[in-house]
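Visitor: below is the structure, and that's it, no one-letter string:
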């Protein structure tokens, strides 16, 4: 369609399919995929579509993917922090459980009184 934009008319689907050596159904499905990705858009004229510059679309798709990666990275950081807090709390719990019979006294006088 970049080379022959006139084939972007809905009425010329059969010509586009023939040019691509495909069935009209195959071409229709592939056009829908291109629409979904933003490579092909509707013109202001009814029944006419045209392709956008692939560099622009690839840039948009890359930016969208980068945003997804950023969200996942933030979730991973949050999960790591939660895991670190959990393991620290568990370690503290285990130490406290073992040291239940230990009394901490501050100062020599208090220690002498306690003995």
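Guide: Sure, I can see it. Note that the structure is a prediction, hence the values are computed from the model and not measured.
Visitor: quick one, strands of the protein?
Guide: 40-42, 49-51 (DSSP state E).
Visitor: any chance of the ones you listed in TSV, plus mean neighbour count?
Guide: Quick note: C-beta positions are derived from backbone N, CA and C, even for glycine. Below are these laid out as TSV (neighbours: other CB atoms under 10 Å):
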stretch	mean neighbour count
strand 40-42	15
strand 49-51	16
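Visitor: these two touch, right, residue 27 and residue 15?
Guide: No: using CB atoms under 8 Å, residue 27 is not in contact with residue 15, being 9.9 Å away.
Visitor: so these two - more neighbours on which side?
Guide: More crowded of residue 27 and residue 15, by other CB atoms under 10 Å: residue 27, with 20 against 14.
Visitor: contact partners for that one?
Guide: When contacts are counted by CB atoms under 8 Å, 6 or more residues apart in numbering, residue 27 touches 13, 16, 17, 20.
Visitor: farthest pair within those?
Guide: By the measure CB to CB, 13 and 20 form the most distant pair in those, at 10.6 Å.
Visitor: between those two, who's got more neighbours?
Guide: Legend: neighbour count by other CB under 10 Å for residue 13 and residue 20, higher for residue 13 (16 against 13).
Visitor: any idea how far the more buried one lies from residue 23?
Guide: As for residue 13, its distance to residue 23 is 10 Å (criterion: CB to CB, to the nearest Å).
Visitor: ok, which of the strands of the chain comes nearest residue 74?
Guide: Nearest of the strands of the chain to residue 74, taken as CB to CB: strand 40-42 at 32.0 Å.
Visitor: tell me what the closest one is packed against?
Guide: Applying 3 or more CB pairs under 8 Å, 6 or more residues apart in numbering; DSSP states H and E, one finds that strand 40-42 contacts helix 24-37, strand 49-51.
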